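>>> sequence unknown, structure follows:
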């Protein structure tokens, strides 16, 4: 517990959550305060009947706050995201001439990649990406939209021939699927959506089901205990489902320091002072432990948790959501609750920051859509191995250039094919020029998306019952013929 406490304090989740809560608009703050009052009222009204764990550990609930609503979401969000702490190892491997990414190698998040094909053997050319499996096809986007994406890259220093393919970075997740069928295909006039989050069983559970209602929203679904945000659910007009995208939102930066200048680092030719924080960790039935945290403008110094080797420089962690406290996912979550159709829902996703996700959605008028969601950094064109190795932290030219604008994220509304689905597979074809920092379905399908494609493609109509039958066929091998 102490080790985990040290890590969370060093990364700065709680400090950043308080800062993010302080930056919220008045309406969002008022809603989170109302939610927090409900939590606290329950604790007050049931002080003598709390779960057994409180008595066993002699704990008294602290008052719940809007910052806690944000922090609880971030905490579970880490399950679906890499943390960047392996970047220094990867940098050492590159310097020593070792080739990462061989078969059976584990990625930055500690999970193997999830693609529909076996990785190529050493010495063999990699298989080309299979664009036919991508969710967003070339015909779904306009020439003008692609030109805006290329202009965005050029604006931030990328030459046209220097852009890496979008399938780079961390290995992707290997669970969950979601799909939606439009009203014409179902024959009901309304879209039908299925979302199956195949997350491991845990106690306590990652998610819980709840119904939330206010003057301007009325929705039901699953979310994180302690937060009013609904991850998968529906209101009276729109339904939505998600699968993990697993995009890389965290990087290590190698700092330039000098023993003669303690607690300082050089950046753009100037020496800057680190912010030094000293904290004490109280330990039950044991002595308190003290710790020192050093922070830079790039993020906290995290060598203790970054697999540092003797001789490695100090490294700072820059990570969404802590690095942009002026924007917060809760704004998107509340706007999603209020959405009246697929276009309003897609607009609501603009404020979704963490974790990254593939989102499918449909509305009562039968329209459907798909979009990536999350704050995806555009790394420097000088970044090593598409940004998966620790960056040079002494010069701004190696820093992130921007966050990809929501309007330029891969998305499609009301495609002619009548159905959209995500099985953690390739979200967009190689025609898309902006690197997304993912390997999800680099070659094309996952097993789950392949099965959904087999079941859905070629069907001109699906009743709601058949929609569910397809779902059961996709997840239950015993039903397959």
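Sure thing, it's come through. As the structure is a prediction and not an experimental result, all values here were calculated from the model.
>>> wait, what's in contact with the most far-flung residue of the chain relative to its centre?
Outermost residue of the chain with respect to the C-alpha centroid, by C-alpha atoms, centre = their mean, is residue 260; its distance is 39.9 Å. Counting by C-beta atoms under 8 Å, 6 or more residues apart in numbering, residue 260 makes contact with nothing. Bear in mind the C-beta positions are built from the backbone N, C-alpha and C, glycine included.
>>> Next, it: secondary structure please.
coil (DSSP: H, G, I helix; E, B strand; the rest coil).
>>> Let me see the backbone angles for it.
phi -80, psi -10 (degrees, to the nearest 10).
>>> Show me where the stretch 101-250 of the chain has its strands.
Counting by DSSP state E, counting those that start in this stretch, the stretch 101-250 of the chain has strands at residues 177-181, 192-196, 208-213, 218-223, 230-234, 238-244, 250-254.
>>> okay, these, which one's buried deepest?
Of all the strands of the stretch 101-250 of the chain, strand 177-181 has the most neighbours on average by mean count of other C-beta atoms under 10 Å, namely a mean of 28.
>>> Quick one: list the elements packing against that one.
Contact here means 3 or more C-beta pairs under 8 Å, 6 or more residues apart in numbering; DSSP states H and E; on that basis strand 177-181 packs against strand 192-196, strand 238-244, strand 357-363, strand 368-373, strand 419-422, helix 447-456, helix 464-475.
>>> measure residue 18 to residue 67 for me?
5 Å (C-beta to C-beta, to the nearest Å).
>>> what about the two, which has more around it?
The residue with more neighbours, out of residue 18 and residue 67, is residue 67; 20 against 17, by other C-beta atoms under 10 Å.
>>> That one touches residue 20, doesn't it?
Yes. In this structure residue 67 lies within contact range of residue 20 using C-beta atoms under 8 Å: 7.4 Å.
>>> what does the helix or strand where residue 16 lies rub up against?
Assigned by DSSP states H and E, residue 16 belongs to helix 13-22. Applying C-beta under 8 Å, 6+ apart, the contact partners of helix 13-22 are 8, 29, 32, 65-71, 74-75, 321-322, 325-326, 328.
>>> what's the distance between residue 248 and residue 454?
For residue 248 relative to residue 454 (C-beta to C-beta), the value is 31 Å.
>>> More neighbours: these two, which one.
residue 248 (29 against 14).
>>> Show me the shaky parts of this structure.
In the predicted model of the chain, residues 98-128, 160-175, 439-443, 457-465, 467-481 satisfy pLDDT under 70.
>>> follow-up on the earlier one: residue 82 is nearest to which of the helices and strands packed on strand 177-181?
Distance to residue 82, taken as C-beta to C-beta, is lowest for strand 238-244 among the helices and strands packed on strand 177-181, at 11.0 Å.
>>> follow-up on the earlier one: Throw the strands of the stretch 101-250 of the chain into JSON lines and include distance to residue 42, thanks.
Formatted as JSON lines, the strands of the stretch 101-250 of the chain follow (distance: least, C-beta to C-beta, whole Å):
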{"stretch": "strand 177-181", "distance to residue 42": "32"}
{"stretch": "strand 192-196", "distance to residue 42": "29"}
{"stretch": "strand 208-213", "distance to residue 42": "13"}
{"stretch": "strand 218-223", "distance to residue 42": "17"}
{"stretch": "strand 230-234", "distance to residue 42": "20"}
{"stretch": "strand 238-244", "distance to residue 42": "28"}
{"stretch": "strand 250-254", "distance to residue 42": "35"}
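>>> Which one of these lies nearest to residue 97?
Using C-beta to C-beta, the nearest of those to residue 97 is strand 250-254, at 18.5 Å.
>>> Parallel or antiparallel, list what pairs with the closest one.
strand 315-319 (antiparallel), strand 391-392 (parallel) (DSSP bridges).
>>> Tell me the helix or strand right after the shortest one.
Translated: strand 391-392. The C-terminal neighbour of strand 391-392 among helices and strands, as given by DSSP H and E, is strand 402-403.
>>> Could you give the separation of that following strand from the chain centroid?
In terms of C-alpha atoms, centre = their mean, to the nearest Å, the gap separating the centre of strand 402-403 from the centre of its chain is 15 Å.
>>> tell me what that strand is packed against?
Applying 3+ C-beta pairs under 8 Å, 6+ apart, one finds that strand 402-403 makes contact with strand 377-378.
>>> what's the strand it packs on packed up against?
strand 402-403.
>>> The strand it packs on: what's the following helix or strand?
strand 411-413.
>>> Going by contacts, tell me the helices and strands next to that next one.
With contacts taken as 3+ C-beta pairs under 8 Å, 6+ apart, strand 411-413 sits against helix 342-348, strand 368-373.
>>> what about these, which gets the closest to residue 278?
Comparing these by C-beta to C-beta, strand 368-373 comes nearest, at 37.6 Å.
>>> Report the strands that pair with the closest one, each with its relative direction.
Short version: by DSSP bridges, strand 368-373 pairs with strand 357-363 (antiparallel), strand 411-413 (antiparallel).
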